[in-house]
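Q: sequence and computational prediction follow.
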Amino acid sequence: MRKRRVVVLGATGSIGESARKVAHDIPDRMEIVGMSAHSNGDKLRAAAAKDFPNAKLAVSSGSDGVDRLVELATMPEADLVLIAIVGTGGLRPALAAIEAGKDIAVASKEILVMAGEIVMEAAHRKGVKVLPVDSEHNAIFQCLENRNSAEVRRLILTASGGPFRKLPADKLPDVTLEQALKHPTWNMGAKITIDSATLFNKGLEMIEARWLFDVEMARVDVIVHPQSIVHSMVEFVDGSVLAQLSHSDMCFPIQYAVTWPERVANSLRPLDFAHLSKLDFEAPRYDDFPALNLARRAGETGGTLPAVMNAANEVAVAAFLDRKISFPGIWKLVAQVMDEHQTIAHAGLDAILAADSHARARAAELL
């Protein structure tokens, strides 16, 4: 039994708060030795003073922000870096942590969406683990138990369907910001909540799964499961399906990433199957919510296109949060930027970051 010494990048967000809860719940297995926040230094210092007085702290806003994150991610006393930064800011620290021989726990989808080929190659070369923290990918990770990807017929990601799962297509242009920010089962930040409403969140997860588990996009599927109890499933070539179930609490996947390959008792609420009235499943509305089709196209094409899709979506979501475009306008903007892009296959990091920057600029122009 060993204690993992963990750096949490993005410690004041929802994932970071859950990570702090886990560390408090299993102190003999998890010690937070470093924490970062983007700009909320007061909240970061308060969190550290309460439970982690010896943790090194960094605020990443400002011109030297990435350097501060890299310094935390490579600190000698850490052996696991949990990356919970929304957006592209976690990419360079993730690669730096890998090069320093640290395992990384990924809660930031953009890292593998933008640069999955680069990240997984680096992890393989350095002999470190890339541990998934998203509830869906952590569920698949648990179901696979290191099995060869050749045994997998399908990875089945579950989606809540968001707040507009049953809304008629002709009503989507009338969706308000307030309605879109009301997720039915998860409490998340504004950007991820909007992504869940458009299903871009699930589209990003499809691409992430492709790299994490070494399968092509054709073997990654999505099913809508509004209760968010079954977090994802694996269908094997023999027709058997394994699923992972738990309450909707990010402490579960964070703890498993930290204690893997062991399981450790905790204070989290277990499932009571006698009180689960039903578990529903239904097909996504691909035509009405085109994010999944755009993501599949990006994942199948590869190269710089996933980075372009992700960047355009970030700009589009920001515009929707500022009430500058309609809800369906998010899909339309992303599709137009993707259609215009000339993809570079097997792109290096510089080409990926250049594509990201160009896509953001082009999306802003189209707005």
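A: Great, that's in hand.
Q: and residue 343, how far is that from residue 305?
A: 5 Å (C-beta to C-beta, to the nearest Å). In short, each C-beta sits where N, CA and C put it, glycine included.
Q: so between these two, which is more surrounded?
A: residue 305 (24 against 16; other C-beta atoms under 10 Å).
Q: may I have the predicted confidence score for that one?
A: Listed pLDDT for residue 305 reads 98.
Q: do I have it right that it meets residue 338?
A: Yes: using C-beta atoms under 8 Å, residue 305 makes contact with residue 338 at a distance of 6.5 Å.
Q: show me what the strand or helix carrying residue 357 is packed against.
A: In this assignment (DSSP states H and E), residue 357 forms part of helix 349-366. Counting contacts by 3 or more C-beta pairs under 8 Å, 6 or more residues apart in numbering; DSSP states H and E, helix 349-366 packs against helix 109-126, helix 305-321, helix 327-340.
Q: okay, and the common contacts of residue 305 and residue 338?
A: 297, 298 (C-beta atoms under 8 Å, 6 or more residues apart in numbering).
Q: residue ranges with poor pLDDT in the stretch 51-200 of the chain?
A: For the stretch 51-200 of the chain, the stretches flagged by pLDDT under 70 are 186-187.
Q: domains for this protein, by residue range?
A: Domain assignment for the chain, taken from automatic domain parsing, gives 4-133+250-262, 134-249+271-292, 302-367.
Q: so which residue of the protein lies furthest out from the middle?
A: Here the chain reaches farthest from its C-alpha mean at residue 274, the gap being 31.4 Å by C-alpha atoms, centre = their mean.
Q: can you confirm that one is in a strand?
A: No: secondary structure of residue 274 (DSSP: H, G, I helix; E, B strand; the rest coil): helix, not part of a strand.
Q: do you know how far the nearest residue to residue 346 once chain neighbours are set aside is from residue 309?
A: With sequence-adjacent residues excluded and distances taken as C-beta to C-beta, 6 or more residues apart in numbering, residue 346 is closest to residue 303, at 6.4 Å. Relative to residue 309, residue 303 is positioned 11 Å away (C-beta to C-beta).
Q: who has more neighbours out of the two?
A: Neighbours were counted for residue 303 and for residue 309 using other C-beta under 10 Å; residue 309 has more, 29 against 19.
Q: any idea how far the closest residue in space to that one that isn't next to it in sequence is from residue 311?
A: Spatial nearest neighbour of residue 309, excluding adjacent residues (C-beta to C-beta, 6+ apart): residue 298 at 4.4 Å. Distance of residue 298 to residue 311, given as C-beta to C-beta: 11 Å.
Q: what does residue 73 give?
A: Counting by C-beta to C-beta - residue 73 and residue 311 are separated by 23 Å.
Q: same question, residue 51
A: Distance, residue 51 to residue 311, using C-beta to C-beta: 36 Å.
Q: who's more crowded, the two?
A: Taking other C-beta under 10 Å, residue 51 and residue 311 do not tie; residue 311 has more neighbours (28 against 13).
Q: check contacts around the more buried one.
A: Listed by C-beta under 8 Å, 6+ apart, the contact set of residue 311 reads 88, 337, 355, 356, 357, 359, 360, 363.
Q: list the contacts of the spatially closest residue to the second one that is not a sequence neighbour.
A: Across the structure, with C-beta to C-beta, 6+ apart as the measure, the residue nearest residue 337 apart from its sequence neighbours is residue 312 (3.8 Å). Residue 312 makes contact with 333, 334, 337, 338, 359, 360, 362, 363 under the criterion C-beta under 8 Å, 6+ apart.
Q: now do the same for residue 312: its pLDDT.
A: Model confidence at residue 312, given as pLDDT, is 97.
Q: generate a PyMOL selection restricted to the buried subset of the contacts of residue 311.
A: To isolate the buried members of the contacts of residue 311 in PyMOL, using 16 or more other C-beta atoms under 10 Å:
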select buried, resi 88+337+355+356+359+360+363
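Q: now for the contacts of residue 311, which pair is the farthest apart?
A: Spanning the widest gap among the contacts of residue 311 are 88 and 337, at 15.6 Å by C-beta to C-beta.
Q: all strands for the protein, in order.
A: Residue ranges of the strands in the chain, as given by DSSP state E, are 4-9, 30-37, 56-59, 80-83, 103-106, 130-132, 152-159, 220-224, 230-236, 241-245.
Q: what about the last one, average pLDDT?
A: The predicted model gives strand 241-245 an average pLDDT of 98.
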